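> Let me see the structure of the following:
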Amino acid sequence: MQPEQPAEPPAEPPAAAALAVRIRQLRQEHGLSQRKVAKALHLASHSSVADLESGRRTPSAELTAAYETLFGLPEGELETARRQHLRERVDPAPPPPSPPPAPRIPSRFLWGTGGFALGSIVTAVTMLALTATTPTPPSTSTPTPTPTPMVWFGAATVHPFPTASAQQRVDGADPARTLCTKTATVDLARADVFLEHRLLGALVLRYSGECDAAWARFEPNGSLINDPARSILIRLEAVRVADSTAARDEDEFVRDNHYSGMVLVRNDCAMARGAVVIDARQSEVAETPCLRPNS
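Modelled structure (predicted):
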């Protein structure tokens, strides 16, 4: 009797599935509907929550931080799972190994004991002929394209997008985490974002008088929200030109509005710049004029 083989441990789910399950569990544990979560996170509709919980969408860093705050999680708990998912998309798991070749039947069983040498020679010649005439099949693997580099503003000081839950009203802060988006805000300027002749949405320079800060916002249109592309990146920056300071963000598209960090205006002008990358093809870099409030 063959000894019983130990059962293999179940494979861990992909990071995308684990993140989606965790987000759904949190909502259910707190007894909230998808509509209530969408309202609390300022999403367009409850379908956005459904897409996140099914794994069809990946939350942005901003949205992940909002989930952590809403459900009282330690800072970075969901962000770790999100970044692991993004790494898996860039570097997918290798394909399973090929099955071992079928055992070779000795020539003597094909040709008889007396014809062992003749059978071996004929078999070798046949294998050489097949090797020489059979073309090598083309590779079916598609290399992951490299996204077009973004031509950012040549800023002397750059602030990456922060993910902390509580933030001060300073250069580079998340306008949502400082509650600046909750105050009276205005559009200082707008610019269309095009990929060749296709309109993808609008780049907006937003301003809060209470915070005296400006930031870039991207508003996608319907064609981009429903685009089936494998990868869509949103690249945004707000710039205070007077002292060459920029607040930047590059993140996976979440089928909703995206924001950059903010820059304090300080009686100077500010501008917004941004682009969209669809499967490594970048749009034109949209740019608003550099404006002061009430100018």
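> Which residue ranges of this structure form strands?
Counting by DSSP state E, the chain forms strands over residues 157-160, 185-195, 198-208, 213-220, 232-240, 245-252, 258-264, 270-278, 281-282, 286-287, given from the N-terminal end onward.
> With residue 53 as the reference, name the closest of those.
Each of these has some distance to residue 53 by CB to CB; the shortest is strand 245-252, at 16.6 Å. The way it works is simple: take the backbone N, C-alpha and C, and place the C-beta from them, glycine included.
> so what strands line up beside that closest one?
In the sheet, strand 245-252 lines up against strand 157-160 (parallel), strand 232-240 (antiparallel) (DSSP bridges).
> out of the strands of the chain, nearest to residue 22?
strand 245-252 (17.5 Å).
> quick check: mean pLDDT across that closest one?
The average pLDDT within strand 245-252 is 94.
> for stretch 75-86, same thing?
Computed over stretch 75-86, the mean pLDDT rounds to 83.
> For the remainder of this discussion, apply numbering that starts at 28.
Shifting the count to begin at 28 puts that one at stretch 102-113.
> Give me the distance from it to the chain's centre.
Here stretch 102-113 is found 12 Å from its chain centre; the criterion is CA atoms, centre = their mean, to the nearest Å.
> any chance of the strands of the chain in CSV, plus mean neighbour count?
Below are the strands of the chain laid out as CSV (neighbours: other CB atoms under 10 Å):
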stretch, mean neighbour count
strand 184-187, 16
strand 212-222, 17
strand 225-235, 21
strand 240-247, 26
strand 259-267, 25
strand 272-279, 23
strand 285-291, 27
strand 297-305, 25
strand 308-309, 15
strand 313-314, 21
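> Apart from its chain neighbours, what residue comes closest to residue 181?
Residue nearest to residue 181 in three dimensions, not counting chain neighbours: residue 271, with 7.4 Å by CB to CB, 6 or more residues apart in numbering.
> check contacts around that neighbour.
180, 181, 182, 183, 184 (CB atoms under 8 Å, 6 or more residues apart in numbering).
> List only buried entries from those residues.
Buried members of the contacts of residue 271, counted by 16 or more other CB atoms under 10 Å: 180, 182.
> Nearest to residue 218 among the contacts of residue 271?
Taking CB to CB as the measure, residue 180 is the one of the contacts of residue 271 closest to residue 218, at 14.3 Å.
> Report the residue spans of the stretch 128-277 of the chain with pLDDT below the cut-off.
128-172, 174 (pLDDT under 70).
> how about 90 then?
Counting by pLDDT under 90, the ranges of the stretch 128-277 of the chain that qualify are 128-176, 189-193, 208-211, 257.
> Quick check: bridge partners of residue 262?
On the basis of DSSP bridges, residue 262 takes part in beta bridges with residue 277, residue 302.
> Verify the contact between it and residue 305 for me.
No: Residue 262 sits out of contact with residue 305 when judged by CB atoms under 8 Å, with a separation of 11.9 Å.
> Of all the strands of the chain, which one is nearest residue 115?
strand 272-279 (12.6 Å).
> circling back: turn the strands of the chain into JSON lines, including distance to residue 196.
Rendered in JSON lines, the data for these read as follows (distance: least, CB to CB, whole Å):
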{"stretch": "strand 184-187", "distance to residue 196": "13"}
{"stretch": "strand 212-222", "distance to residue 196": "14"}
{"stretch": "strand 225-235", "distance to residue 196": "9"}
{"stretch": "strand 240-247", "distance to residue 196": "7"}
{"stretch": "strand 259-267", "distance to residue 196": "14"}
{"stretch": "strand 272-279", "distance to residue 196": "12"}
{"stretch": "strand 285-291", "distance to residue 196": "8"}
{"stretch": "strand 297-305", "distance to residue 196": "15"}
{"stretch": "strand 308-309", "distance to residue 196": "32"}
{"stretch": "strand 313-314", "distance to residue 196": "25"}
